[in-house]
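1. Structure here, sequence nowhere to be found:
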């Protein structure tokens with residue numbers, strides 16, 4: 001599949017980065033198994049599931065979960 005399991009996870013403002021995990025939780029109604037998340041310029045660009053061509057530099061989070069983070073907007 002060409003996934004780089006040793007790719008450093010960085011917050012880059014240039015280019016797109018694709019992440020893969022066993023589970024990707026989009027919201028309470030949409031949960032993807034073997035999901036991919038593509039991020040560019042600090043924003044999520046797309047969600048997808050396995051079985052597609054993925055960039056060789058995809059960051060593989062293995063059996064982990066990618067899910068929305070809680071942001072405290074009161075600070």
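-> It's in. Please read these numbers as outputs of a predicted model, since none were measured by experiment. Numbers count the residues shown, from 1 in each chain.
2. From here on, just use CA atoms for contacts and neighbour counts.
-> Noted.
3. Relative to residue 74, how far out is the spatially closest residue to residue 62 that is not a sequence neighbour?
-> Spatial nearest neighbour of residue 62, excluding adjacent residues (C-alpha to C-alpha, 6 or more residues apart in numbering): residue 21 at 5.4 Å. Residue 21 is 31 Å from residue 74, where distance means C-alpha to C-alpha, to the nearest Å.
4. residues contacting residue 16?
-> By C-alpha atoms under 8 Å, 6 or more residues apart in numbering, the contact list for residue 16 reads 38-41.
5. Enumerate every residue touching residue 22.
-> Neighbouring residues of residue 22 by C-alpha under 8 Å, 6+ apart: 33-35, 61-65.
6. Just the buried subset of those, please.
-> 34-35, 65 (16 or more other C-alpha atoms under 10 Å).
7. Need the contacts of residue 22 in JSON lines (columns: secondary structure, distance to residue 17 and pLDDT).
-> Listed next are the contacts of residue 22 as JSON lines, based on DSSP: H, G, I helix; E, B strand; the rest coil; distance: C-alpha to C-alpha, whole Å; pLDDT from 0 to 100:
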{"residue": "33", "secondary structure": "strand", "distance to residue 17": "19", "pLDDT": "95"}
{"residue": "34", "secondary structure": "strand", "distance to residue 17": "17", "pLDDT": "94"}
{"residue": "35", "secondary structure": "strand", "distance to residue 17": "14", "pLDDT": "95"}
{"residue": "61", "secondary structure": "coil", "distance to residue 17": "13", "pLDDT": "95"}
{"residue": "62", "secondary structure": "coil", "distance to residue 17": "16", "pLDDT": "94"}
{"residue": "63", "secondary structure": "coil", "distance to residue 17": "19", "pLDDT": "96"}
{"residue": "64", "secondary structure": "coil", "distance to residue 17": "17", "pLDDT": "96"}
{"residue": "65", "secondary structure": "strand", "distance to residue 17": "17", "pLDDT": "96"}
